[in-house]
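Trainee: The sequence and its predicted three-dimensional model are supplied below.
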Amino acid sequence: MSVLVVDDEESVRFICEIVLGSNGIPVVSAASAERALALLEQEAASVKLVITDYQMPETRGDELLEEVHTRFPGLPTLLWSTVENHAKGIALKDPMASDFPLRVKQLVAG
């Protein structure tokens, strides 16, 4: 079981790997939507959740998740950003927040 974290910022991916990993949640990460889809094609059976940033250079996170839902129906996803936009369903989430690992575990468990 692993979580795929997609963010163009290396520091965010690193923090997620540390925070989630220290809570027993294996993480694979990708710096782009293209790389994330390639990883999913290779490791779809082991990925239980995709977490992606909204604002990325080439493909926005919501566009990535549309593709994920098409190719991998039923795979849970979480869209986040450093900018809140409730109209688009984007939540502001700090990976250092104390409840972040617990919420990820809940999503992975279904």
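Mentor: Ah, there it is.
Trainee: Please tell me how far residue 10 sits from residue 30.
Mentor: 11 Å (C-beta to C-beta, to the nearest Å). Heads up, the C-betas are built off the backbone N, CA and C, glycines and all.
Trainee: Please say which of those two ends up with more neighbours.
Mentor: With neighbours defined as other C-beta atoms under 10 Å, residue 10 and residue 30 compare such that residue 30 has more, 21 against 10.
Trainee: Can you verify my assumption that the more buried one contacts residue 3?
Mentor: No. Contact criterion C-beta atoms under 8 Å: residue 30 and residue 3 do not qualify, at 11.5 Å.
Trainee: how close does residue 53 sit to residue 39?
Mentor: Residue 53 sits 15 Å away from residue 39, going by C-beta to C-beta.
Trainee: next one: residue 100
Mentor: Taking C-beta to C-beta, one finds residue 100 at 21 Å from residue 39.
Trainee: What of residue 21?
Mentor: Distance of residue 21 to residue 39, given as C-beta to C-beta: 17 Å.
Trainee: same thing with residue 24?
Mentor: 21 Å.
Trainee: Which one's more surrounded, those two?
Mentor: Neighbours per residue (other C-beta under 10 Å) separate residue 24 from residue 39, with residue 39 holding more: 18 against 9.
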